[in-house]
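Engineer: build me a structure from this.
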Amino acid sequence: MDRREFFKLGFLRAKDHARKAAPEMIRKEITPVVLDVSVLTDQVERAEQLADDLLPEYFGERFLRLKQSRLSGMYPGGVLLFEQNRLRDYHDGASMFYTALRELEEGLALRELQTDPVLLRYINIVPAFSRSAEIFHRNRLVQALALHEDGKYEIEGSLGTMVVVVAGQRLKVIAAPCGHKTCVGHPAIITPGQRITCVPNEISIAIGMPM
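Structural biologist: Okay, here's the model as predicted:
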């Protein structure tokens with residue numbers, strides 16, 4: 001057993017012991033944080049291997065992959081982390097989870113431009129049907145769009161105006177003031193849990209989960 005496996009096994013045993021040792025009333029309230037990790041990379045097989053090695057232990061009982069989306073062209077790679085629908089910066093955190101995300105970023109050289117990259121999504125919630133898209137600016141909900149109504153909308157972000165279109169119950173970004181246009185290159189989203197994020201403009205659009 002190597003060093004990583006030793007510490008991983010110890011971590012899982014300690015977490016399981018803490019859960020079992022909690023009183024029944026408290027144990028029922030222990031629920032995992034809703035995690036959403038997106039990885040934009042052109043090294044898909046390597047990314048999936050690293051994700052399998054580094055991430056599952058932090059996702060509770062479910063470590064789910066959403067459908068992959070491929071972008072055409074050159075885009076900056078990266079990792080985005082959402083906890084409870086809030087964008088987090090994992091570079092400054094001292095937790096083991098944030099360390100694992102930094103290791104994933106370094107292992108895939110994501111700070112370099114990626115050619116025809118694939119967006120990999122990992123979550124611990126089960127997507128279900130939804131009829132709305134929620135728009136966040138600086139982690140604050142600013143608007144909700146009904147997916148059953150076609151329309152064109154302008155959203156004000158930190159850099160300027162983003163334009164989105166809803167058609168056929170799908171949402172697509174068609175214009176943005178950011179430099180790299182990753183959000184514009186992203187395929188249309190329709191399934192709850194899917195997300196388009198423009199980091200420079202500080203806007204995130206997520207297909208909402210049903211109540």
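
Engineer: give me the below-cutoff pLDDT ranges for the chain.
Structural biologist: 1-32, 127-130, 209-211 (pLDDT under 70).

Engineer: and the strands in it?
Structural biologist: Using DSSP state E, the strands of the chain run over 35-41, 64-70, 74-76, 78-83, 86-88, 113-115, 118-123, 132-137, 140-146, 151-156, 161-167, 170-175, 195-198, 203-207.

Engineer: what's around the residue nearest to residue 163 when sequence neighbours are not counted, how many residues?
Structural biologist: Of all residues not flanking residue 163 in the chain, residue 175 sits nearest, at 4.0 Å (CB to CB, 6 or more residues apart in numbering). Every C-beta, even on glycine, is put in place using the N, C-alpha and C of the backbone. A count of nearby residues for residue 175, using other CB atoms under 10 Å, gives 14.

Engineer: then residue 88?
Structural biologist: 18.

Engineer: identify the spatial nearest neighbour of it, chain neighbours not counted.
Structural biologist: Closest to residue 88 by CB to CB, 6+ apart is residue 81, at 4.8 Å.

Engineer: quick one on the thing from earlier: ok, which of the strands of the chain comes nearest residue 187?
Structural biologist: When the strands of the chain are compared by CB to CB, strand 64-70 sits nearest residue 187, at 4.7 Å.

Engineer: mind giving me the packing neighbours of that closest one?
Structural biologist: In terms of contacts (3 or more CB pairs under 8 Å, 6 or more residues apart in numbering; DSSP states H and E), strand 64-70 is packed against strand 118-123.

Engineer: can you give me the offset of the strand it packs on from its chain's centre?
Structural biologist: When C-alpha coordinates are averaged (CA atoms, centre = their mean, to the nearest Å), strand 118-123 and its chain have centres 7 Å apart.

Engineer: ok, back up a step: now the strands of the chain in JSON lines, with distance to residue 107?
Structural biologist: Converted to JSON lines, these look like this (distance: least, CB to CB, whole Å):
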{"stretch": "strand 35-41", "distance to residue 107": "10"}
{"stretch": "strand 64-70", "distance to residue 107": "18"}
{"stretch": "strand 74-76", "distance to residue 107": "17"}
{"stretch": "strand 78-83", "distance to residue 107": "11"}
{"stretch": "strand 86-88", "distance to residue 107": "20"}
{"stretch": "strand 113-115", "distance to residue 107": "14"}
{"stretch": "strand 118-123", "distance to residue 107": "14"}
{"stretch": "strand 132-137", "distance to residue 107": "29"}
{"stretch": "strand 140-146", "distance to residue 107": "33"}
{"stretch": "strand 151-156", "distance to residue 107": "34"}
{"stretch": "strand 161-167", "distance to residue 107": "31"}
{"stretch": "strand 170-175", "distance to residue 107": "29"}
{"stretch": "strand 195-198", "distance to residue 107": "22"}
{"stretch": "strand 203-207", "distance to residue 107": "25"}
